[in-house]
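show me how the following folds:
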Amino acid sequence: MDYTDLARVKSAMDSQETTSDTVLSDYITRASRAIDLLITGMPGVADYFLEEDIIDEVLTNGVVDFAGRLTVWPHKPIISAVTALSYRSSLRDSYKDADINYISTEYESVVYEGSIPYAEKMFVKISYTGGMAEEEDDLPKDLIDLATLMSVRGYKEARSGVGDSIGVAELGTLVYTKAYPVRAVEVIRHYARLAPWT
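Next comes the predicted model:
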């Protein structure tokens, strides 16, 4: 899923650029995957914000506290439902099924209120629904704006030969640098994944 669309990017460019829709669409996809990387810190992640059903995702980031609660962090933000969860403390063990009635979700985490012996690492297999939106239009506006900005920037960088700056401030023309604007950094910080990934 791309996090912005052609119409938004063309509007942000003020229709002064002449290029094919195919070229711009490619930069939109590149920007969307760059956002996935910036937010998760993990290369190769795609469609992080896409809301979808995930079946049997295997995780090694499960932790059991002294009260016997298992907490695990699936690879999607905003976990809305869990349909199955099983766990094991060692690769030599068989998975044990968790009772769905004792599972709760807390934004990025899933908590199973079982009576499991304390463990710093637990292997978990989980099926769940997670993500922010099924369609790009339903994403938060600031995230769409970030994707639009990064799409335009990627295109401009390629056109300029990846120079350090474009434009002359003294002449009142747009000054562009490769550093992300403060507003982009703030959006990235707001959505950055803090939970463990593995």
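
all strands of this protein, in order?
For the chain, the strands defined by DSSP state E occupy 52-64, 70-72, 79-88, 96-97, 103-106, 109-112, 119-130, 165-166, 176-177.

contacts only, for the residue nearest to Ser115 when sequence neighbours are not counted.
Leaving aside its sequence neighbours, Ser115 sits nearest to Gly68 (Cβ to Cβ, 6 or more residues apart in numbering; 4.3 Å). To be clear about C-beta, it is placed using only N, CA and C from the backbone, and glycine gets the same treatment. Applying Cβ atoms under 8 Å, 6 or more residues apart in numbering to Gly68 gives the contacts Glu113, Gly114, Ser115, Ile116, Pro117, Tyr118.

now, of the residues you listed, which are buried?
Buried members of the contacts of Gly68, scored by 16 or more other Cβ atoms under 10 Å, are Gly114, Ile116.

and stretch 101-112, end to end?
9 Å (Cα to Cα, to the nearest Å).

do stretch 100-111 as well
Stretch 100-111 end-to-end distance (Cα to Cα) = 10 Å.

stretch 95-105 now?
21 Å.

tell me the mean pLDDT for that stretch?
The predicted model gives stretch 95-105 an average pLDDT of 96.

same deal with stretch 11-23?
78.

going forward can the numbers begin at 52, since that is how I track them
Got it, first residue is 52 now, which makes that one stretch 62-74.

could you list the low-confidence segments of the protein?
The model of the chain has pLDDT under 70 over residues 66-69, 212-230.

rerun that using 90 as the cut-off
Where the chain drops to pLDDT under 90, the residues are 62-72, 157-158, 165-166, 168-171, 203-236, 247, 249.

tell me the domain ranges of the chain?
Per automatic domain parsing, the domain ranges recorded for the chain read 57-98+186-242, 103-181.

for Thr249, find the nearest of the ones you listed.
domain 103-181 (4.9 Å; Cβ to Cβ).

what's near enough to touch Arg244?
Ile90, Thr91, Gly92, Tyr99, Pro128, Glu159.

go with 6 Å
Ile90, Thr91 (Cβ atoms under 6 Å, 6 or more residues apart in numbering).

roughly how far apart are it and Asp53?
19 Å (Cβ to Cβ, to the nearest Å).

on that earlier part again, tell me how far the residue nearest to Ser166 lies from Met52.
On the measure of Cβ to Cβ, Gly119 and Met52 end up 38 Å apart.
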